[in-house]
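Trainee: predicted model, plus sequence, below.
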Amino acid sequence: MPNKIEPSECADTGNQPQIPEQGMPILRVLYFFYFAAFGVIITYLNVFLRDTGLSGVQIGFLSFILPLVSIVTAPLWGIWSDRIGRVRRLLLISSIGIILASLGIGLARSFVWWIFFIIFFALFDSSVLPIMDSTTLRNLGKNSNRFGRERVWGSVGFILTVWVVGLILDTVGSQWYFLFHILAILCAIIALNWLPDQKPKLQPAIRSGISNLILKKEWIIFSLSLIFIGLGNFSINGFLGIYIKDLGGSEWLIGSAAAIATIAELPILFWGENLLNRFGPWKLLMVAFAATGVRLILYAAMPTAEWVLPISLLNSFTFGVYWIATIAFVDHLASVEIKASAQGMLYAVLNISRMVAALVSGYLYDIFGAGNLFLVGALFSSFAVLLFWFNKPEIQQQEVIESLG
(Lines give C-alpha, C1' and ligand atoms only; values in the text may rest on other atoms or scores of the structure.)
Protein backbone atom coordinates (compact mmCIF):
# COMPACT_ATOMS: atom_id res chain seq x y z
CA MET A 1 0.00 0.00 0.00
CA PRO A 2 1.65 3.27 -1.07
CA ASN A 3 2.38 5.91 1.51
CA LYS A 4 0.27 9.04 1.28
CA ILE A 5 0.17 12.41 2.92
CA GLU A 6 -2.19 11.92 5.82
CA PRO A 7 -3.98 14.97 7.20
CA SER A 8 -3.62 13.56 10.70
CA GLU A 9 0.15 13.71 10.40
CA CYS A 10 0.30 17.41 9.86
CA ALA A 11 -2.91 18.99 10.96
CA ASP A 12 -2.74 20.26 14.50
CA THR A 13 0.24 22.01 15.94
CA GLY A 14 -1.62 23.23 18.98
CA ASN A 15 0.53 21.22 21.38
CA GLN A 16 3.72 22.62 19.92
CA PRO A 17 5.36 25.70 21.43
CA GLN A 18 5.11 28.62 19.04
CA ILE A 19 6.65 32.03 18.81
CA PRO A 20 4.00 34.57 19.83
CA GLU A 21 2.23 36.50 17.07
CA GLN A 22 4.38 39.57 17.75
CA GLY A 23 7.37 37.50 16.65
CA MET A 24 6.23 37.34 13.01
CA PRO A 25 7.41 40.89 12.10
CA ILE A 26 10.84 40.03 13.50
CA LEU A 27 10.94 36.86 11.42
CA ARG A 28 10.28 38.99 8.33
CA VAL A 29 13.15 41.29 9.28
CA LEU A 30 15.42 38.29 9.78
CA TYR A 31 14.45 36.89 6.38
CA PHE A 32 15.31 40.29 4.88
CA PHE A 33 18.82 40.47 6.32
CA TYR A 34 19.75 36.80 6.04
CA PHE A 35 18.76 36.73 2.38
CA ALA A 36 20.55 40.00 1.80
CA ALA A 37 23.66 38.20 3.06
CA PHE A 38 22.94 35.07 1.01
CA GLY A 39 22.47 37.22 -2.09
CA VAL A 40 25.98 38.59 -1.79
CA ILE A 41 27.48 35.10 -1.37
CA ILE A 42 25.47 33.42 -4.13
CA THR A 43 25.99 36.23 -6.63
CA TYR A 44 29.57 37.32 -6.06
CA LEU A 45 31.59 34.61 -4.28
CA ASN A 46 32.50 32.66 -7.43
CA VAL A 47 33.17 35.90 -9.32
CA PHE A 48 35.55 36.92 -6.52
CA LEU A 49 37.29 33.53 -6.62
CA ARG A 50 37.66 33.65 -10.40
CA ASP A 51 39.08 37.21 -10.19
CA THR A 52 41.73 35.95 -7.75
CA GLY A 53 42.94 33.54 -10.45
CA LEU A 54 41.26 30.25 -9.51
CA SER A 55 40.30 27.89 -12.31
CA GLY A 56 36.85 26.47 -12.97
CA VAL A 57 37.93 23.15 -11.42
CA GLN A 58 39.15 24.88 -8.25
CA ILE A 59 35.95 26.93 -8.00
CA GLY A 60 33.94 23.77 -8.56
CA PHE A 61 35.86 22.02 -5.77
CA LEU A 62 35.16 24.83 -3.32
CA SER A 63 31.52 24.77 -4.38
CA PHE A 64 31.55 21.03 -3.74
CA ILE A 65 32.72 21.54 -0.14
CA LEU A 66 29.74 23.71 0.81
CA PRO A 67 27.03 21.09 0.14
CA LEU A 68 29.25 18.24 1.34
CA VAL A 69 29.45 19.74 4.83
CA SER A 70 25.81 20.86 4.77
CA ILE A 71 24.54 17.36 3.98
CA VAL A 72 25.50 16.41 7.53
CA THR A 73 25.10 19.68 9.38
CA ALA A 74 21.71 20.91 8.05
CA PRO A 75 19.75 17.90 9.42
CA LEU A 76 21.69 18.09 12.69
CA TRP A 77 20.79 21.76 13.13
CA GLY A 78 17.15 20.91 12.39
CA ILE A 79 17.12 18.07 14.93
CA TRP A 80 18.81 20.30 17.50
CA SER A 81 16.14 22.96 16.90
CA ASP A 82 13.35 20.39 17.31
CA ARG A 83 14.86 19.17 20.59
CA ILE A 84 15.80 22.37 22.41
CA GLY A 85 13.61 24.95 20.68
CA ARG A 86 15.99 27.83 21.42
CA VAL A 87 15.72 29.46 18.01
CA ARG A 88 17.23 32.81 18.96
CA ARG A 89 20.26 31.20 20.62
CA LEU A 90 20.90 28.87 17.69
CA LEU A 91 20.64 31.68 15.13
CA LEU A 92 22.99 33.86 17.17
CA ILE A 93 25.62 31.11 17.32
CA SER A 94 25.26 30.52 13.58
CA SER A 95 25.47 34.23 12.73
CA ILE A 96 28.69 34.74 14.67
CA GLY A 97 30.22 31.71 12.97
CA ILE A 98 29.15 32.99 9.53
CA ILE A 99 30.77 36.38 10.16
CA LEU A 100 34.10 34.82 11.18
CA ALA A 101 34.06 32.52 8.16
CA SER A 102 33.16 35.30 5.72
CA LEU A 103 35.97 37.46 7.06
CA GLY A 104 38.38 34.57 6.54
CA ILE A 105 37.20 33.91 2.97
CA GLY A 106 37.58 37.57 2.05
CA LEU A 107 41.08 37.92 3.48
CA ALA A 108 42.54 34.52 2.51
CA ARG A 109 44.91 34.39 -0.43
CA SER A 110 45.70 30.69 -0.82
CA PHE A 111 43.61 27.77 -1.99
CA VAL A 112 44.23 25.81 1.24
CA TRP A 113 42.93 28.65 3.42
CA TRP A 114 39.87 29.05 1.20
CA ILE A 115 39.12 25.35 1.70
CA PHE A 116 39.37 25.78 5.48
CA PHE A 117 37.13 28.85 5.65
CA ILE A 118 34.56 27.42 3.22
CA ILE A 119 34.21 24.39 5.52
CA PHE A 120 33.88 26.70 8.52
CA PHE A 121 31.30 28.80 6.65
CA ALA A 122 29.21 25.76 5.64
CA LEU A 123 29.15 24.48 9.23
CA PHE A 124 27.18 27.52 10.41
CA ASP A 125 25.49 28.73 7.22
CA SER A 126 23.66 25.40 6.84
CA SER A 127 21.64 26.08 9.98
CA VAL A 128 19.90 29.33 9.13
CA LEU A 129 17.32 28.42 6.51
CA PRO A 130 16.09 25.14 8.06
CA ILE A 131 15.63 26.88 11.41
CA MET A 132 14.02 29.98 9.90
CA ASP A 133 11.65 28.03 7.64
CA SER A 134 10.57 25.53 10.29
CA THR A 135 10.05 28.30 12.86
CA THR A 136 7.87 30.24 10.44
CA LEU A 137 5.86 27.16 9.48
CA ARG A 138 5.36 26.19 13.13
CA ASN A 139 4.18 29.69 13.96
CA LEU A 140 1.73 29.70 11.04
CA GLY A 141 0.30 26.35 12.13
CA LYS A 142 -2.69 25.40 9.96
CA ASN A 143 -2.06 28.51 7.86
CA SER A 144 1.29 27.16 6.68
CA ASN A 145 0.29 27.68 3.04
CA ARG A 146 0.85 31.40 3.78
CA PHE A 147 4.57 30.67 4.10
CA GLY A 148 5.37 32.48 0.86
CA ARG A 149 4.01 35.78 2.22
CA GLU A 150 6.55 35.62 5.04
CA ARG A 151 9.40 34.33 2.89
CA VAL A 152 8.87 37.14 0.36
CA TRP A 153 10.72 39.53 2.68
CA GLY A 154 13.86 37.50 2.08
CA SER A 155 13.49 38.11 -1.63
CA VAL A 156 13.16 41.85 -1.02
CA GLY A 157 16.41 41.82 0.95
CA PHE A 158 18.09 39.81 -1.78
CA ILE A 159 16.97 42.23 -4.51
CA LEU A 160 18.09 45.41 -2.81
CA THR A 161 21.44 44.00 -1.79
CA VAL A 162 22.61 42.43 -5.05
CA TRP A 163 21.64 45.51 -7.02
CA VAL A 164 23.31 48.04 -4.72
CA VAL A 165 26.36 45.86 -4.09
CA GLY A 166 26.77 45.30 -7.84
CA LEU A 167 26.95 49.05 -8.41
CA ILE A 168 29.52 49.47 -5.64
CA LEU A 169 31.68 46.51 -6.69
CA ASP A 170 31.91 47.95 -10.20
CA THR A 171 33.90 50.76 -8.58
CA VAL A 172 35.83 49.11 -5.75
CA GLY A 173 36.25 45.55 -7.11
CA SER A 174 34.79 42.16 -6.18
CA GLN A 175 37.36 41.61 -3.39
CA TRP A 176 35.22 43.77 -1.06
CA TYR A 177 32.07 41.68 -1.41
CA PHE A 178 32.56 40.00 2.00
CA LEU A 179 32.20 43.31 3.88
CA PHE A 180 28.63 43.69 2.63
CA HIS A 181 27.90 40.09 3.57
CA ILE A 182 29.16 40.69 7.11
CA LEU A 183 27.15 43.92 7.43
CA ALA A 184 23.90 42.11 6.57
CA ILE A 185 24.59 39.38 9.14
CA LEU A 186 25.35 42.01 11.80
CA CYS A 187 21.96 43.58 11.14
CA ALA A 188 20.36 40.14 11.58
CA ILE A 189 22.12 39.73 14.93
CA ILE A 190 20.70 43.06 16.10
CA ALA A 191 17.18 41.98 15.02
CA LEU A 192 17.54 38.71 16.95
CA ASN A 193 17.29 40.69 20.20
CA TRP A 194 13.57 41.19 19.50
CA LEU A 195 12.82 37.58 18.53
CA PRO A 196 10.73 35.85 21.21
CA ASP A 197 12.37 32.54 22.06
CA GLN A 198 10.73 29.14 22.28
CA LYS A 199 10.82 26.94 25.35
CA PRO A 200 12.84 23.73 25.25
CA LYS A 201 10.77 20.77 24.17
CA LEU A 202 11.97 17.19 24.36
CA GLN A 203 10.65 15.06 21.52
CA PRO A 204 11.38 11.35 22.04
CA ALA A 205 9.64 10.47 18.75
CA ILE A 206 12.01 12.46 16.54
CA ARG A 207 14.08 9.44 15.45
CA SER A 208 11.10 7.32 14.47
CA GLY A 209 9.47 10.30 12.76
CA ILE A 210 12.52 10.85 10.57
CA SER A 211 12.70 7.13 9.73
CA ASN A 212 9.06 7.10 8.69
CA LEU A 213 9.58 10.16 6.51
CA ILE A 214 12.60 8.99 4.54
CA LEU A 215 11.05 5.56 3.88
CA LYS A 216 7.96 7.00 2.21
CA LYS A 217 7.84 6.41 -1.52
CA GLU A 218 6.77 10.02 -2.05
CA TRP A 219 9.85 11.29 -0.21
CA ILE A 220 12.23 9.03 -2.17
CA ILE A 221 10.91 10.06 -5.60
CA PHE A 222 10.71 13.69 -4.51
CA SER A 223 14.33 13.62 -3.32
CA LEU A 224 15.63 12.08 -6.54
CA SER A 225 13.73 14.68 -8.56
CA LEU A 226 15.28 17.49 -6.51
CA ILE A 227 18.74 16.07 -7.12
CA PHE A 228 18.22 16.15 -10.88
CA ILE A 229 16.70 19.64 -10.95
CA GLY A 230 19.44 20.84 -8.62
CA LEU A 231 22.05 19.90 -11.21
CA GLY A 232 20.44 22.43 -13.52
CA ASN A 233 19.98 25.09 -10.86
CA PHE A 234 23.59 24.82 -9.76
CA SER A 235 24.84 25.79 -13.21
CA ILE A 236 22.81 29.00 -12.88
CA ASN A 237 23.79 29.81 -9.30
CA GLY A 238 27.42 28.80 -9.73
CA PHE A 239 28.35 29.97 -13.22
CA LEU A 240 25.83 32.49 -14.56
CA GLY A 241 27.80 35.40 -13.11
CA ILE A 242 31.02 34.08 -14.64
CA TYR A 243 29.24 33.51 -17.98
CA ILE A 244 27.98 37.11 -17.96
CA LYS A 245 31.54 38.36 -17.52
CA ASP A 246 32.76 35.98 -20.24
CA LEU A 247 30.23 37.63 -22.59
CA GLY A 248 31.52 41.10 -21.67
CA GLY A 249 29.05 41.97 -18.89
CA SER A 250 29.85 43.85 -15.69
CA GLU A 251 29.30 43.30 -11.98
CA TRP A 252 26.35 45.69 -12.25
CA LEU A 253 24.78 43.48 -14.93
CA ILE A 254 25.35 40.41 -12.74
CA GLY A 255 23.64 42.12 -9.83
CA SER A 256 20.83 43.40 -12.05
CA ALA A 257 20.16 39.91 -13.41
CA ALA A 258 20.01 38.51 -9.88
CA ALA A 259 17.75 41.36 -8.74
CA ILE A 260 15.36 41.01 -11.69
CA ALA A 261 15.19 37.25 -11.16
CA THR A 262 14.25 37.85 -7.55
CA ILE A 263 11.70 40.56 -8.40
CA ALA A 264 10.03 38.06 -10.71
CA GLU A 265 9.47 35.63 -7.84
CA LEU A 266 7.81 38.16 -5.52
CA PRO A 267 4.22 37.88 -6.85
CA ILE A 268 4.45 34.08 -6.76
CA LEU A 269 5.64 34.03 -3.16
CA PHE A 270 3.03 36.57 -2.06
CA TRP A 271 0.08 34.83 -3.72
CA GLY A 272 1.45 31.31 -3.34
CA GLU A 273 -1.37 30.38 -0.99
CA ASN A 274 -3.87 30.69 -3.85
CA LEU A 275 -1.69 28.66 -6.20
CA LEU A 276 -1.24 25.87 -3.66
CA ASN A 277 -4.95 25.71 -2.95
CA ARG A 278 -5.86 25.60 -6.62
CA PHE A 279 -3.18 23.35 -8.12
CA GLY A 280 -1.38 21.57 -5.27
CA PRO A 281 2.40 21.03 -4.91
CA TRP A 282 2.70 18.25 -7.50
CA LYS A 283 1.45 20.28 -10.47
CA LEU A 284 3.42 23.33 -9.39
CA LEU A 285 6.64 21.35 -9.13
CA MET A 286 6.12 19.89 -12.61
CA VAL A 287 5.74 23.41 -14.02
CA ALA A 288 8.84 24.61 -12.16
CA PHE A 289 10.97 21.70 -13.37
CA ALA A 290 9.95 22.26 -17.00
CA ALA A 291 10.54 26.03 -16.74
CA THR A 292 14.05 25.42 -15.40
CA GLY A 293 14.95 23.47 -18.54
CA VAL A 294 13.62 26.25 -20.77
CA ARG A 295 15.52 28.90 -18.83
CA LEU A 296 18.80 27.00 -19.13
CA ILE A 297 18.38 26.52 -22.89
CA LEU A 298 17.73 30.24 -23.33
CA TYR A 299 20.86 31.12 -21.33
CA ALA A 300 22.93 28.82 -23.51
CA ALA A 301 21.55 30.46 -26.66
CA MET A 302 21.79 34.15 -25.68
CA PRO A 303 24.05 36.08 -28.11
CA THR A 304 25.06 38.89 -25.72
CA ALA A 305 25.24 39.32 -21.96
CA GLU A 306 22.30 41.76 -21.88
CA TRP A 307 19.90 38.98 -22.84
CA VAL A 308 20.30 37.65 -19.31
CA LEU A 309 17.87 40.30 -18.01
CA PRO A 310 14.64 39.20 -19.77
CA ILE A 311 15.52 35.51 -19.47
CA SER A 312 15.92 35.89 -15.71
CA LEU A 313 12.22 36.73 -15.44
CA LEU A 314 11.60 32.99 -15.71
CA ASN A 315 12.78 32.78 -12.12
CA SER A 316 9.15 33.41 -11.16
CA PHE A 317 8.61 29.77 -12.11
CA THR A 318 12.06 28.25 -11.55
CA PHE A 319 12.30 29.53 -7.98
CA GLY A 320 9.03 31.16 -6.90
CA VAL A 321 6.73 28.31 -7.89
CA TYR A 322 9.40 25.71 -7.13
CA TRP A 323 10.05 26.92 -3.60
CA ILE A 324 6.51 27.37 -2.29
CA ALA A 325 5.62 23.92 -3.63
CA THR A 326 8.75 22.31 -2.18
CA ILE A 327 8.28 23.76 1.30
CA ALA A 328 4.58 22.82 1.33
CA PHE A 329 5.34 19.30 0.10
CA VAL A 330 7.91 18.66 2.83
CA ASP A 331 5.99 20.33 5.64
CA HIS A 332 2.91 18.23 5.00
CA LEU A 333 4.80 15.00 4.53
CA ALA A 334 6.42 15.48 7.94
CA SER A 335 4.72 14.59 11.20
CA VAL A 336 4.36 17.37 13.74
CA GLU A 337 7.33 16.47 15.94
CA ILE A 338 9.90 16.65 13.11
CA LYS A 339 9.00 19.90 11.32
CA ALA A 340 12.47 21.44 11.70
CA SER A 341 14.17 18.08 11.14
CA ALA A 342 12.23 17.62 7.89
CA GLN A 343 13.35 21.03 6.63
CA GLY A 344 16.91 20.05 7.54
CA MET A 345 16.47 16.82 5.57
CA LEU A 346 15.21 18.87 2.62
CA TYR A 347 18.35 21.01 2.68
CA ALA A 348 20.46 17.85 2.94
CA VAL A 349 18.87 16.56 -0.28
CA LEU A 350 19.42 19.91 -1.98
CA ASN A 351 23.05 19.87 -0.89
CA ILE A 352 23.55 16.34 -2.22
CA SER A 353 22.44 17.70 -5.57
CA ARG A 354 24.78 20.69 -5.29
CA MET A 355 27.65 18.40 -4.31
CA VAL A 356 27.17 16.14 -7.33
CA ALA A 357 26.85 19.16 -9.61
CA ALA A 358 29.99 20.78 -8.18
CA LEU A 359 31.99 17.64 -8.97
CA VAL A 360 31.33 17.96 -12.70
CA SER A 361 30.31 21.56 -13.41
CA GLY A 362 33.75 23.14 -12.98
CA TYR A 363 35.28 20.50 -15.25
CA LEU A 364 32.58 20.98 -17.90
CA TYR A 365 33.02 24.74 -17.73
CA ASP A 366 36.79 24.50 -18.26
CA ILE A 367 36.38 22.12 -21.21
CA PHE A 368 33.19 23.24 -22.94
CA GLY A 369 32.26 26.66 -21.52
CA ALA A 370 29.13 27.79 -19.70
CA GLY A 371 26.84 27.47 -22.73
CA ASN A 372 27.19 23.70 -22.92
CA LEU A 373 27.11 23.50 -19.13
CA PHE A 374 23.63 25.06 -19.25
CA LEU A 375 22.53 22.57 -21.90
CA VAL A 376 23.59 19.66 -19.68
CA GLY A 377 21.60 21.25 -16.87
CA ALA A 378 18.55 21.42 -19.14
CA LEU A 379 18.91 17.70 -19.84
CA PHE A 380 18.90 16.94 -16.11
CA SER A 381 15.82 19.13 -15.70
CA SER A 382 13.98 16.92 -18.20
CA PHE A 383 14.98 13.88 -16.11
CA ALA A 384 13.41 15.56 -13.07
CA VAL A 385 10.14 16.10 -14.96
CA LEU A 386 9.98 12.47 -16.06
CA LEU A 387 10.87 11.10 -12.63
CA PHE A 388 8.49 13.29 -10.65
CA TRP A 389 5.64 12.31 -12.97
CA PHE A 390 5.63 8.97 -11.16
CA ASN A 391 4.64 10.73 -7.94
CA LYS A 392 1.28 11.68 -9.44
CA PRO A 393 -0.64 8.52 -8.39
CA GLU A 394 0.63 8.87 -4.82
CA ILE A 395 0.06 12.58 -4.12
CA GLN A 396 -3.50 13.63 -4.79
CA GLN A 397 -4.25 17.36 -4.82
CA GLN A 398 -7.32 17.06 -2.59
CA GLU A 399 -5.36 15.23 0.09
CA VAL A 400 -2.76 17.99 0.17
CA ILE A 401 -5.39 20.72 0.35
CA GLU A 402 -7.10 18.92 3.24
CA SER A 403 -3.77 18.59 5.05
CA LEU A 404 -3.23 22.33 4.61
CA GLY A 405 -6.29 22.80 6.81
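Mentor: Right, received. Where do you want to start? On a predicted model such as this, the values are computed, not experimentally measured, just so you know.
Trainee: going forward, measure contacts between C-alpha atoms and count neighbours the same way
Mentor: Noted.
Trainee: G173: neighbour count?
Mentor: G173: 13 surrounding residues under other C-alpha atoms under 10 Å.
Trainee: quick one: low-confidence parts of the stretch 51-200 of the chain?
Mentor: 197-200 (pLDDT under 70).
Trainee: that one: helices as residue ranges?
Mentor: For the stretch 51-200 of the chain, the helices defined by DSSP state H, counting those that start in this stretch cover 56-84, 87-107, 111-140, 147-172, 177-192.
Trainee: again, but for the stretch 251-400 of the chain
Mentor: In the stretch 251-400 of the chain, the helices defined using DSSP H, counting those that start in this stretch lie at 251-270, 272-301, 308-311, 315, 322-333, 339-368, 370-389, 397-403.
Trainee: any idea how far A261 is from P267?
Mentor: A261 is 12 Å from P267, where distance means C-alpha to C-alpha, to the nearest Å.
Trainee: give me the common contacts of the two.
Mentor: Residues within reach of A261 and of P267 at once, by C-alpha atoms under 8 Å, 6 or more residues apart in numbering, are S316.
Trainee: more neighbours: which of these two?
Mentor: A261 (25 against 15).
Trainee: the more buried one against T318, yeah?
Mentor: No - A261 lies out of contact with T318 (C-alpha atoms under 8 Å); the separation is 9.5 Å.
Trainee: need the per-residue pLDDT for the residue lying closest to Y243 once chain neighbours are set aside.
Mentor: Distance criterion C-alpha to C-alpha, 6 or more residues apart in numbering; nearest residue to Y243, sequence neighbours excluded, is A370 at 6.0 Å. We have a pLDDT of 78 for A370.
Trainee: contacting residues for A370?
Mentor: With C-alpha under 8 Å, 6+ apart, A370 has these contacts: 239-240, 243, 300, 364.
Trainee: how about 10 Å then?
Mentor: Residues in contact with A370 (C-alpha atoms under 10 Å, 6 or more residues apart in numbering) are 235-236, 239-240, 242-244, 246, 299-300, 361-362, 364, 376.
Trainee: the residues you listed, buried ones only, as a PyMOL selection?
Mentor: In PyMOL syntax, the buried subset of the contacts of A370 is picked out as below (16 or more other C-alpha atoms under 10 Å):
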select buried, resi 235+236+239+240+242+243+244+299+300+361+362+364+376
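Trainee: among the contacts of A370, which one has the lowest pLDDT?
Mentor: Checking pLDDT across these, the minimum falls on G362 at 73.
Trainee: wait, it sits on N46?
Mentor: No - counting by C-alpha atoms under 10 Å, G362 does not reach N46; the two are 11.1 Å apart.
Trainee: got any residues that touch both of those two?
Mentor: Residues touching both G362 and N46 by C-alpha under 10 Å, 6+ apart: 56, 59-60, 62-63, 238-239.
Trainee: pick out the most distant pair among those.
Mentor: Within those, L62 and F239 form the most distant pair, 13.1 Å apart (C-alpha to C-alpha).
Trainee: which neighbours do the two have in common?
Mentor: 46, 56, 362.
Trainee: and these as JSON lines, adding distance to F329?
Mentor: Output for the shared contacts of L62 and F239, formatted as JSON lines (distance: C-alpha to C-alpha, whole Å):
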{"residue": "N46", "distance to F329": "31"}
{"residue": "G56", "distance to F329": "35"}
{"residue": "G362", "distance to F329": "32"}
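Trainee: show me which of the residues you listed is closest to Q343.
Mentor: For those, the nearest to Q343 is N46 (26.5 Å; C-alpha to C-alpha).
Trainee: list the contacts of that closest one.
Mentor: Neighbour list for N46: 52, 54, 56, 59-60, 62-63, 174, 237-242 [criterion: C-alpha under 10 Å, 6+ apart].
Trainee: what about it, distance to W114?
Mentor: For N46, the distance to W114 - C-alpha to C-alpha - is 12 Å.
Trainee: now the common contact residues for those two.
Mentor: Counting by C-alpha under 10 Å, 6+ apart, the residues touching both N46 and W114 are L62.
Trainee: and for stretch 104-113, what's in contact with it?
Mentor: By C-alpha under 10 Å, 6+ apart, stretch 104-113 touches 45, 48-49, 52, 54, 58-59, 62, 98-99, 102, 114-121, 174-179.
Trainee: from those, keep the buried residues only.
Mentor: Buried among the contacts of stretch 104-113 by 16+ other C-alpha under 10 Å: 45, 48-49, 54, 58-59, 62, 98-99, 102, 114-121, 174-178.
Trainee: endpoints of stretch 191-207, how far apart?
Mentor: 33 Å.
Trainee: was I right about L179 contacting S102?
Mentor: Yes - taking contacts as C-alpha under 10 Å, L179 lies within contact range of S102: 8.3 Å.
Trainee: I'd like the shared contacts of G362 and N46 written out as JSON lines, with distance to T326 added.
Mentor: What follows is these, written out as JSON lines (distance: C-alpha to C-alpha, whole Å):
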{"residue": "G56", "distance to T326": "30"}
{"residue": "I59", "distance to T326": "28"}
{"residue": "G60", "distance to T326": "26"}
{"residue": "L62", "distance to T326": "27"}
{"residue": "S63", "distance to T326": "23"}
{"residue": "G238", "distance to T326": "21"}
{"residue": "F239", "distance to T326": "24"}
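Trainee: out of those residues, the closest to L276 would be?
Mentor: Distance to L276, by C-alpha to C-alpha, is smallest for G238 among the shared contacts of G362 and N46, at 29.4 Å.
Trainee: who's in contact with the residue lying closest to W77 once chain neighbours are set aside?
Mentor: Of all residues not flanking W77 in the chain, S127 sits nearest, at 5.4 Å (C-alpha to C-alpha, 6+ apart). With contact taken as C-alpha under 10 Å, 6+ apart, S127 is in contact with 70, 73-78, 80-81, 90-91, 93-95, 344, 347.
Trainee: okay, among those residues, which ones form the most distant pair?
Mentor: Farthest apart among the contacts of S127 by C-alpha to C-alpha are I93 and Y347. That separation is 19.2 Å.
Trainee: neighbour count for these two, which is higher?
Mentor: Using other C-alpha under 10 Å, the more surrounded residue of I93 and Y347 is Y347, with 24 against 13.
Trainee: which residue packs closest to the more buried one, ignoring adjacent ones?
Mentor: Closest residue in space to Y347, ignoring its immediate chain neighbours: A74 at 6.3 Å, by C-alpha to C-alpha, 6+ apart.
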